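Asks: give the three-dimensional model of this entry:
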Amino acid sequence: VQLVESGGGMVQPGGSLRLSCAASGFSFSTTSMSWVRQAPGKGPEWVATISTAGGNTYYADFVKGRFTISRDNAKNTLYLQMNSLKPEDTALYFCARGRSPIATGRGSWGQGTQVSVSP
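Replies: Numbering: from 1, shown residues only. Coordinates of the predicted model:
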């Protein structure tokens, strides 16, 4: 099983980034997927989850209306479009298998991609 995130970087407040996660080694199209983030010195936070076919999406309140989770099952790739970024969105972002990635634990996550939001 391999999850490889990309697309992170530094951006000013109000800016946008699109994260990608390339999945391999498991049946991506039959697995719900999630994004989790962890800021320095804080515990992990669930960000969003998408169902297997992408028809159902779920978001943490602090990203609703700003972030969009999506997937391309033909490419085995998960995405997170992040708009209107805020300094408090600064964190290491992980893609993860399943609907309950924090309960499942770090073993179900990728290695992460850093997002930094500052003036």
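Asks: show me what the host helix or strand of Ala22 is packed up against.
Replies: According to DSSP states H and E, Ala22 maps onto strand 17-24. Contacts defined by 3 or more Cβ pairs under 8 Å, 6 or more residues apart in numbering; DSSP states H and E place strand 17-24 against strand 2-6, strand 33-38, strand 77-82, strand 91-97, strand 113-117. The C-beta positions use only the backbone N, C-alpha and C, and glycine is treated the same way.
Asks: buried set for it?
Replies: Of all the residues in strand 17-24, those buried under the rule 16 or more other Cβ atoms under 10 Å are Leu17, Leu19, Ser20, Cys21, Ala22, Ala23.
Asks: packing partners of the lowest-mean-pLDDT helix or strand in the chain?
Replies: The weakest-scoring helix or strand in the chain, judged by mean pLDDT, DSSP states H and E, is helix 101-104 (a mean of 90). Judged by 3+ Cβ pairs under 8 Å, 6+ apart, helix 101-104 is in contact with strand 33-38, strand 44-50, strand 91-97.
Asks: those strands: which one's closest to Asn56?
Replies: Of all those, strand 44-50 sits nearest to Asn56, with 7.2 Å by Cβ to Cβ.
Asks: got the contact list for that closest one?
Replies: With Cβ atoms under 8 Å, 6 or more residues apart in numbering as the contact definition, strand 44-50 has outside contacts at 32-39, 56-60, 63, 67, 69-71, 78, 80, 91, 93-94, 99, 101-102.
Asks: residue nearest the centroid of the protein?
Replies: By Cα atoms, centre = their mean, the mean C-alpha position of the chain lies nearest to Trp35, the distance being 2.9 Å.
Asks: if anything else comes up later, I'll come back, but that's it for now.
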